[in-house]
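Trainee: With the input below, show me the fold.
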Amino acid sequence: MYTEQPGWYHAEGDPLDTKRFWNGSEWSDGVIGGEVLFPRFAARFMDSVVTGIILFLVALAFGANSVSAITLMSIFVVAIYEIAFVTLKGATPGKMLFRFRVVEASTGQCPPAGSVAGRRYAPGLLSIIPFVGTVAYLGVCGISLWWLKNDPNRQTIFDKAGKTYVAKVSPY
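Mentor: Here you go, the predicted structure:
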């Protein structure tokens with residue numbers, strides 16, 4: 001590398017449509033860009049199945065039988081799952097399975113605080129608005145899929161909100 005300026009650059013030997021973080025002296029492990037639509041979708045689907053099972057068990061344990069109670073529980077279950085895993089491990093189990101890690105766009109490092117993971121989760125809070133929230137959230141998901149396919153850094157709305165990238169990494 002010819003610069004000491006940290007940032008995201010194309011690294012020699014990587015596919016042309018990818019970038020890797022240069023910290024001024026060495027390359028990071030994770031790359032962004034490339035073809036990630038199916039693996040990211042599959043990782044999210046796996047996480048949805050896991051959180052669905054957890055939500056089902058929590059709803060049974062608390063005897064939740066109304067749509068409002070289950071909606072509130074789902075917000076907390078998904079928020080705790082997402083924020084805890086991204087903050088503590090740098091990825092949810094679905095992302096880990098597909099060798100992804102959430103990294104800060106500015107440093108290339110795993111998010112150091114729950115605030116970053118919280119900002120990533122924030123667009124999902126649209127779903128708590130009665131009736132229109134679900135439609136708005138589905139719109140956010142649709143735009144996110146479009147961005148994931150067309151953005152050169154493969155960022156979704158959730159990545160942009162958290163100022164993060166989801167980087168493909170070597171096996172853990």
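Trainee: what's the longest helix in the protein?
Mentor: In the chain, assigned by DSSP state H, the helix with the most residues is helix 37-62.
Trainee: Would you mark the buried spots in it?
Mentor: Residues Pro39, Arg40, Ala43, Arg44, Met46, Asp47, Thr51, Ile54, Leu55, Ala59 are the ones in helix 37-62 that count as buried (16 or more other Cβ atoms under 10 Å). (Glycine included, C-beta is placed from N, CA and C.)
Trainee: Quick check: of these, which lies closest to Val166?
Mentor: Of all the buried residues of helix 37-62, Val166 sits closest to Arg40, with 6.6 Å by Cβ to Cβ.
Trainee: Tabulate the buried residues of helix 37-62 (a markdown table), appending distance to Pro112.
Mentor: Shown next, in a markdown table, are the buried residues of helix 37-62 (distance: Cβ to Cβ, whole Å):
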| residue | distance to Pro112 |
| --- | --- |
| Pro39 | 25 |
| Arg40 | 23 |
| Ala43 | 22 |
| Arg44 | 23 |
| Met46 | 25 |
| Asp47 | 22 |
| Thr51 | 24 |
| Ile54 | 26 |
| Leu55 | 28 |
| Ala59 | 33 |
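Trainee: and which of those residues is nearest to Gln5?
Mentor: Closest approach between those and Gln5, by Cβ to Cβ: Arg40, at 28.8 Å.
Trainee: List the contacts of that closest one.
Mentor: Arg40 makes contact with Phe98, Phe100, Leu148, Arg154, Val166, according to Cβ atoms under 8 Å, 6 or more residues apart in numbering.
Trainee: looking at this structure, which helix or strand is least sure?
Mentor: Ranked by mean pLDDT, DSSP states H and E, the weakest helix or strand in the chain is helix 114-121, scoring a mean of 82.
Trainee: List the buried residues of that helix.
Mentor: The neighbour-count check on helix 114-121 (16+ other Cβ under 10 Å) flags Val116, Ala117, Gly118, Arg119, Arg120, Tyr121 as buried.
Trainee: circling back: narrow the contacts of Arg40 to those in helices?
Mentor: Mapping those onto helices (DSSP H) picks out Leu148.
Trainee: Please pick the buried ones from the contacts of Arg40.
Mentor: Applying 16+ other Cβ under 10 Å to the contacts of Arg40 flags Phe98, Phe100, Leu148, Arg154, Val166 as buried.
Trainee: for the first one, what are its contacts?
Mentor: Listed by Cβ under 8 Å, 6+ apart, the contact set of Phe98 reads Pro39, Arg40, Ala42, Ala43.
Trainee: roughly how far apart are it and Tyr81?
Mentor: 17 Å (Cβ to Cβ, to the nearest Å).
Trainee: Thr164 too?
Mentor: Separation of Thr164 from Tyr81 (Cβ to Cβ): 17 Å.
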